[in-house]
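Visitor: pasted the sequence and its predicted model underneath.
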Amino acid sequence: DAGVIQSPRHEVTEMGQEVTLRCKPISGHNSLFWYRQTMMRGLELLIYFNNNVPIDDSGMPEDRFSAKMPNASFSTLKIQPSEPRDSAVYFCASTQWNTEAFFGQGTRLTVV
Amino acid sequence: AQSVTQLGSHVSVSEGALVLLRCNYSSSVPPYLFWYVQYPNQGLQLLLKYTSAATLVKGINGFEAEFKKSETSFHLTKPSAHMSDAAEYFCAVSLSGNTPLVFGKGTRLSVIA
């Protein structure tokens, strides 16, 4: 398996634009997590899904953030409109029951 | 609620010296504990995990960690540091395998030749 695949690896966008981050989890994994990493706040959970169903989105900072998982092999994290303070590295991770989480390479988002 | 405290945001050791990275956790139930490593511009890679089996856990690249319930600690050690060990190390706790990880702030390890 190629592991957790995230795209794009880097995204530079202007403030106010819509940004969509994508994640393909490892085949057969039933849980998917979105994390955000910043220097100030470290690694924070944004939202997670079990069997494609959102379980906890309390970490989503504002209504500008939304996430979907239409099927077991794909998830998106959307920011609309984007703001400079959204600049961070966004990680997707997946896991099976009682195994460790496998992380993607991350998407580095810069909002100017 | 669960939490993790990593003592020391930056640790510097000489090549060949002992590596000790400290992690203390708080959990209302028996925890799952993990150490991850992050190299620059990379994702997180699992070093080792504790899931209520043996308290001394061996991981990749010569690292190991010991779960001490009485001290609520899960410190990471390696007998002899190598230049390639320079990276950011994160301790994390979760309730089970498919619940979210709660991460510490991370410890940057520098290895001096």
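Guide: Nice, thanks for sending it over. If you're wondering where the values come from, they're calculated on a predicted model, not measured in any experiment.

Visitor: contacts, neighbours, all on C-alpha from now
Guide: Fine.

Visitor: residues near the nearest residue to B:Leu46 once chain neighbours are set aside, how many?
Guide: Setting aside the residues directly before and after it, B:Leu46 is nearest to B:Tyr36 in space (CA to CA, 6 or more residues apart in numbering or on different chains), at 4.4 Å. Neighbours of B:Tyr36 under the rule other CA atoms under 10 Å in any protein chain shown: 19.

Visitor: wait, what's in contact with the most centrally placed residue in chain B?
Guide: Centroid-nearest residue in chain B: B:Trp35, 3.4 Å away (criterion: CA atoms, centre = their mean). Neighbouring residues of B:Trp35 by CA atoms under 8 Å, 6 or more residues apart in numbering or on different chains: B:Leu46, B:Leu47, B:Leu48, B:Lys49, B:Leu76, B:Tyr89, B:Phe90, B:Cys91, B:Ala92.

Visitor: helix, strand, or coil at the residue nearest to B:Leu46?
Guide: On the three-state scheme (DSSP: H, G, I helix; E, B strand; the rest coil), B:Tyr36 is labelled strand.

Visitor: residues contacting B:Leu95?
Guide: Neighbour list for B:Leu95: B:Val29, B:Pro30, B:Pro31, B:Tyr32 [criterion: CA under 8 Å, 6+ apart].

Visitor: for the residue in chain A positioned nearest to chain B, which non-adjacent residue is spatially closest?
Guide: Checking chain A residue by residue against chain B with CA to the nearest CA singles out A:Asn98 as nearest, at 3.5 Å. Using CA to CA, 6+ apart and skipping the chain neighbours, the partner closest in space to A:Asn98 is B:Gly97 (3.5 Å).
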